[in-house]
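J.: Show me how the following folds:
(one chain, ligands or ions: 1)
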Amino acid sequence: MPCITRFAPSPTGYLHLGHAYSALCTVEATEAGGRFLLRIEDIDSARFRPEFEAAIYEDLAWLGLTWETPVRRQSEHLDDYQQALESLRARSLIYPCFCSRREIRAEIAQAGAAPHGPGGPIYPGTCRGLPEEIRAERIAAGDAYALRLDVARASAETGALVWHDQERGDIAGDAASYGDVVLARKETPASYHLAVTVDDHLQGITLVTRGEDLFEASHIHRLLQALLGFETPEYAHHPLLLDQTGRRFAKRDHALTLRELRAGGHTPEFLRNLLATPANLSAFLDSL
Ligand code: GLU
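T.: You can find the predicted model right below:
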């Protein structure tokens, strides 16, 4: 079956070589027939800048990619995320958490050896058991809160889950290793985990291609899919592109943004060739 896949950059910086590599891996999956969608993950409004979004279109087109329109921009679909939250709330699978980041850190420090998950220290569950009246009172008083998923309760509802990674095969779902993740905050009406799961479903994505750094996040996405009654797509997590010192490309590598490379006279063909083998890339990086 031809796949439907997507590239989903966040417009919080200019695209660099790592993004180009990820986008090309995604497109490659559609070469035997398939659809390539682009999604703009602009829900984190504090970090989003319109010029970065404009640059995404320009840089990807320069690289020679074409995608279907309209492009899904997360900020235009807040109702979809709200609906998913409502469905979880109706089953008491999410709860308001009033802890500040500082309070969470203090509580973890006090507990001594706190377990760490893929997303950092695991939230100790401070607000999970708050009585309903206290929750209502604090919300009415205007206290800031995040909505967290009660992962143990949610997992008890879904039972054991499996997802499939093209490279690693069947993976047993392990959302518990994340702890009770945040699904929404006042300033971010849907977290990355919630928005991605809802978007992939609504866009009919059958293959999620993305970097290996998001491998563990797929456990949470799988759990949310099961809770929300969504099909689970196939996953392909590609290795991250590293520089000569073994570090990931990041926003600090200005010289390696697509626009800088273009300004430096490099062609899209040169870039594709560069990204085709690790040897080509390291020879180029050494030459800088
Ligand atoms: N927006 C994410 C990023 O730029 C990618 C999300 C995904 O592919 O699931 O890292």
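J.: so where's this protein shaky on pLDDT?
T.: Where the chain drops to pLDDT under 70, the residues are 113-114, 251-252, 254-255.
J.: what about the strands in the chain?
T.: 3-7, 34-40, 72-73, 94-97, 116-117, 120-121, 146-149, 162-165, 169-172, 182-185, 207-211, 234-238 (DSSP state E).
J.: Could you give me the buried positions within the longest one?
T.: Neighbour-count burial for strand 34-40, counted by 16 or more other Cβ atoms under 10 Å, picks out 34, 35, 36, 37, 38, 39, 40. In this view, the C-beta of every residue, glycine as well, is placed from N, C-alpha and C.
J.: and that strand, what other elements does it pack with?
T.: strand 3-7, helix 50-62, strand 72-73 (3 or more Cβ pairs under 8 Å, 6 or more residues apart in numbering; DSSP states H and E).
J.: Contacts for the first one, please.
T.: Outside of strand 3-7, the residues within contact range by Cβ atoms under 8 Å, 6 or more residues apart in numbering are 22-23, 26-27, 29-30, 34-39, 60, 67, 200, 203-209, 234.
J.: residues in the stretch 101-250 of the chain within reach of the ligand, list them.
T.: Contacts of the stretch 101-250 of the chain with the ligand, taken as Cβ under 6 Å from any ligand atom, map to 196, 210, 214.
J.: Out of those, which comes closest to the ligand?
T.: Nearest to the ligand among those: residue 210, at 3.6 Å, using Cβ to the nearest ligand atom.
J.: so what's the closest one up against?
T.: Counting by Cβ under 8 Å, 6+ apart, the residues that residue 210 touches are 8, 22, 26, 236, 237, 238.
J.: Give me the neighbour count for the last one.
T.: Meaning residue 238. The local packing of residue 238 (other Cβ atoms under 10 Å) involves 18 other residues.
J.: do the first one as well
T.: As a burial measure, the neighbour count of residue 8 was computed by other Cβ under 10 Å and equals 24.
J.: hang on, it packs against residue 196?
T.: Yes - between residue 8 and residue 196 there is a contact under Cβ atoms under 8 Å: 7.2 Å.
J.: and stretch 153-160, how far out from the chain's middle?
T.: On the basis of Cα atoms, centre = their mean, to the nearest Å, the separation between the geometric centre of stretch 153-160 and that of its chain is 22 Å.
J.: Could you list the buried residues of it?
T.: Residues of stretch 153-160 classed as buried by neighbour count (16+ other Cβ under 10 Å): 154, 155.
J.: What of stretch 212-231?
T.: Buried residues in stretch 212-231, defined by neighbour count with 16+ other Cβ under 10 Å: 214-227, 230.
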